[in-house]
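1. pasting the sequence and the predicted coordinates here, then a few questions.
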Amino acid sequence: MRSAFALLSLAFAAVSFAAPATNTGSGTGALFQRCNRPGVFALTFDDGPNENSYGLAKYLHSENITATFFTNSRNFFSSPFDTTTTETEDGTKTYQEVLQYYDQLGHEVASHTFSHAVLTSLNADQVAEELNLQSDTIFRAIGKRPAFMRPPEGATNEAVNQVISSLGYSNINWDVDTKDYEHLGLATEEERVRAIVDLDVPGVTLGHIALQHDVHADSVNILTPWLVQYLRSKNYTFVTVSDCIGLPAYQ
Ligand SMILES: [Zn+2]
């Protein structure tokens, strides 16, 4: 009886290890790194919009995929967000119109702060300003305020977390990092994805949140199409972050 119990405990431990519950809670202020169920995969893109972003949104839509964009207003350009334009295959668009396009296609618009500031270097008022200004940008574009944020470089501390929570955000991290910003090429990025995803136990391992950057052309043109075909070959369903964690994307 005792040995049977020990075996059962071991089996349970093995399953637990295969499906770590890395989320720290649910609801406002919580940190999320995984989806809340197996079989789903959330593609997320940081640091945009920039010149690659509209085409990426369109490509994902053509594949019947919705994704989540963690956006800045002043990151890769310093001119006013609402009037700065980008050329797309559907003509010249302002970045405000790019955010509207995300929303029209069912992609989610989340906050990556106004200026891509490292929040741990700021005081509480400055952290709040970074979040509120980006919320204003998103509200002007789509009439909704984001409930999801991702701190630049993933950098937070207790004081930052308090502001994130008090302003009604969930902190959306990731468990799959392609490190596409290192520009080491698809083979290396593939290895990083497969090192995690190939260990998944179907129906058991919780779904993933993967980090990419739409400001890098190779991420949009090479890495993302590979992710789409590879993860489909593993029978994943692509979801937005709100679907992944079961919370609304907007406040
Ligand atoms: Zn970033």
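-> Ah, there it is.

2. so who does the residue nearest to the spatial centre of the chain touch?
-> Nearest residue to the geometric centre of the chain (CA atoms, centre = their mean): residue 44, 3.2 Å. Residues in contact with residue 44 (CB atoms under 8 Å, 6 or more residues apart in numbering) are 67-70, 110, 150, 172, 174, 209-212, 241. The way it works is simple: take the backbone N, C-alpha and C, and place the C-beta from them, glycine included.

3. what's the spacing between it and residue 249?
-> To residue 249, residue 44 is 12 Å away according to CB to CB, to the nearest Å.

4. residues that sit against both of those two, list them.
-> Common neighbours of residue 44 and residue 249 (CB under 8 Å, 6+ apart) are 68, 110, 241.

5. of those, which is the nearest to residue 229?
-> Nearest to residue 229 out of the shared contacts of residue 44 and residue 249 is residue 68 (CB to CB; 20.1 Å).

6. residue ranges with poor pLDDT in this protein?
-> Along the chain, the parts satisfying pLDDT under 70 run over 1-28.

7. just checking, what's the longest helix in this protein?
-> When the chain is parsed with DSSP state H, its longest helix is helix 124-142.

8. now do the buried residues in it.
-> 127, 129, 130, 131, 133, 134, 135, 137, 138, 141, 142 (16 or more other CB atoms under 10 Å).

9. would you list the phi and psi of the residue in the stretch 51-200 of the chain that the ion sits nearest to?
-> Residue of the stretch 51-200 of the chain nearest the ion, by CB to the ion: residue 152 (4.6 Å). Backbone torsions for residue 152, taken as degrees, to the nearest 10, come to phi -50, psi 140.
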